[in-house]
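Asker: make a model of this:
(4 chains)
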Number of protein chains: 2
Amino acid sequence: MLRRVDKHSGIPAYLQIMNQIKSEILLGNLKAESRLPPVRELEIIFDVNVNTILKALDKLKSEGVLMSEQGIGYFVARNISVDPQITQEIRRLVGDLKSKGLDLYTSLLLIEEVWKNEKL
Amino acid sequence: MLRRVDKHSGIPAYLQIMNQIKSEILLGNLKAESRLPPVRELEIIFDVNVNTILKALDKLKSEGVLMSEQGIGYFVARNISVDPQITQEIRRLVGDLKSKGLDLYTSLLLIEEVWKNEKL
DNA sequence: AATAGTGTTATATATAAATAGAACACTATA
DNA sequence: TATAGTGTTCTATTTATATATAACACTATT
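Answerer: Numbering: from 1, shown residues only, chains lettered A, B, ... in the order given. Modelled structure (predicted):
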């Protein structure tokens, strides 16, 4: 489920990595306490340098999402997974958006804009 | 509706600018043929240098979203606004997500991930 | 013709992001 | 105790982003 980083998206690689890892945790695919692949494997998976991996993992540590133990590995710090019902609702909307021919990028733009304009 | 750029988000300013402008067009707030504010006003609105504005506008030109005429201004090239029904559905989901206490960033992450995992 | 309001191009500088490569430090196990 | 598998730190280099500043070019209006 972890994918190679898109080097032409304009989004910094370390951010893409943070996002991917955080998503897995939110969706419950990476449970609390479970270990991430070693950094030198992540290097290959994401296709970036160790330092870029480290930057992403460090920031997730600062956010309290991950913890690390030297010589052992990186771990999911705690359970931040979301209600599966929400995932279900999202899945429905995504289906609708796709069926109307919208692409991911456009969809995210719209959602962000609606979010920010919604008065509440 | 055009907002100052967030310089601490980690997202390059020119991308944030592209996104904001494109959103306005998608939502129908900027109609085809209508003119954008002059670049030196955009400089103030977004709080970045002209060159950053230019980079964003140039890219939107390449995408065919905008056109420009020297000495006159930048214009919305064509109508790419989305079906208002879609906006409505998005508004509903956004409401749900907010009521469950999720923040924008987390929500976008989830949506992106669901999108990519959905086998069409 | 002059001017004000536009977009456009250019140069120099500074900062952030990413890479490469190496070395170091801790942990578990043979 | 040696070793393999980890995370961690460091330095140097390159590329991408962003700023500052100035000049230039086109358009419309006075």
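Asker: get me the contact residues on chain A for DNA strand D.
Answerer: By Cβ under 7 Å from any atom of the strand, the part of chain A that sits against DNA strand D consists of A:10, A:36, A:38-41, A:50-51, A:54, A:57, A:68-74. For every residue, glycine as well, the C-beta is placed using N, CA and C.
Asker: quick one, strands of chain A?
Answerer: With DSSP state E as the definition, chain A shows strands at residue ranges A:66-69, A:73-76.
Asker: check whether the first one comes near chain B.
Answerer: No: remark: strand A:66-69 sits outside contact range of chain B, by Cβ under 8 Å from any Cβ of the partner chain, the gap being at least 15.3 Å.
Asker: quick one: list the elements packing against that strand.
Answerer: Using 3 or more Cβ pairs under 8 Å, 6 or more residues apart in numbering or on different chains; DSSP states H and E as the contact criterion, the secondary-structure elements in contact with strand A:66-69 are helix A:50-62, strand A:73-76.
Asker: kindly report the same for the last one.
Answerer: Other elements packing on strand A:73-76 under the criterion 3+ Cβ pairs under 8 Å, 6+ apart are strand A:66-69.
Asker: what stretches of chain A score poorly on pLDDT?
Answerer: Within chain A, the ranges that satisfy pLDDT under 70 run A:120.
Asker: care to break it down by domain?
Answerer: Following automatic domain parsing, one finds the domains of chain A at A:13-76, A:84-117.
Asker: would TSV of the helices and strands packed on strand A:66-69 with distance to residue B:63 and mean neighbour count be doable?
Answerer: Listed next are the helices and strands packed on strand A:66-69 as TSV, based on distance: least, Cβ to Cβ, whole Å; neighbours: other Cβ atoms under 10 Å in any protein chain shown:
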stretch	distance to residue B:63	mean neighbour count
helix A:50-62	28	17
strand A:73-76	38	18
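Asker: biggest helix in chain A by residues?
Answerer: Ranked by residue count and defined by DSSP state H, the top helix of chain A is helix A:84-99.
Asker: and chain B, is that helix touching that?
Answerer: Yes: in terms of Cβ under 8 Å from any Cβ, part of helix A:84-99 sits within range of chain B, namely A:86, A:87, A:89, A:90, A:91, A:93, A:94, A:95, A:96, A:97, A:98.
Asker: likewise for stretch A:31-40?
Answerer: No: looking at stretch A:31-40 against chain B by Cβ under 8 Å from any Cβ, there are no contacts, and the closest approach is 16.0 Å.
Asker: ok, the nearest residue to residue A:106 once chain neighbours are set aside - contacts?
Answerer: Spatial nearest neighbour of residue A:106, chain neighbours left out: residue B:26 (6.5 Å); criterion: Cβ to Cβ, 6 or more residues apart in numbering or on different chains. Each residue near residue B:26 by Cβ atoms under 8 Å, 6 or more residues apart in numbering or on different chains is listed here: A:106, A:109, A:110, A:113, B:80, B:81, B:82.
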